[in-house]
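Chemist: Test case, fold it:
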Amino acid sequence: MCEFCEDIAMNNDEYMKKRYAGGDFICKDENGFGVLIDTGDSGCLGYIKINYCPICGRKLV
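Modeler: Model (predicted):
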């Protein structure tokens, strides 16, 4: 387990705190897990659905 997948946003409050802080992070939603990518453009965020941590390869459950 790495620092990136240790700190997953599991609810809306955690998600919004991470959005305000900026940077990329893993979040959980109704469809599973995804990486929210902060592109630097507030109108153009990236989101990729994932099953494994992109850094260490751990399966997200």
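Chemist: which residue ends up closest to the midpoint of the chain in space?
Modeler: The structure's the chain has its C-alpha centroid closest to residue 26; by CA atoms, centre = their mean the separation is 1.7 Å.
Chemist: Tell me the confidence at it?
Modeler: At residue 26, the pLDDT value in this model is 97.
Chemist: how near is it to residue 50?
Modeler: 7 Å (CB to CB, to the nearest Å). Heads up, the C-betas are built off the backbone N, CA and C, glycines and all.
Chemist: which residue sits closest to residue 31, ignoring its sequence neighbours?
Modeler: Spatially, and ignoring its direct neighbours in sequence, residue 31 is nearest to residue 49 (6.6 Å; CB to CB, 6 or more residues apart in numbering).
Chemist: Just the element for that neighbour, please.
Modeler: strand 46-50 (DSSP states H and E).
Chemist: still on that earlier bit, shared neighbours of residue 26 and residue 50, anything?
Modeler: Common contact partners of residue 26 and residue 50 (CB atoms under 8 Å, 6 or more residues apart in numbering): 33, 34, 35, 60.
Chemist: Identify the bridge partners of the second one.
Modeler: For residue 34, the beta-bridge partners under DSSP bridges are residue 27, residue 49.
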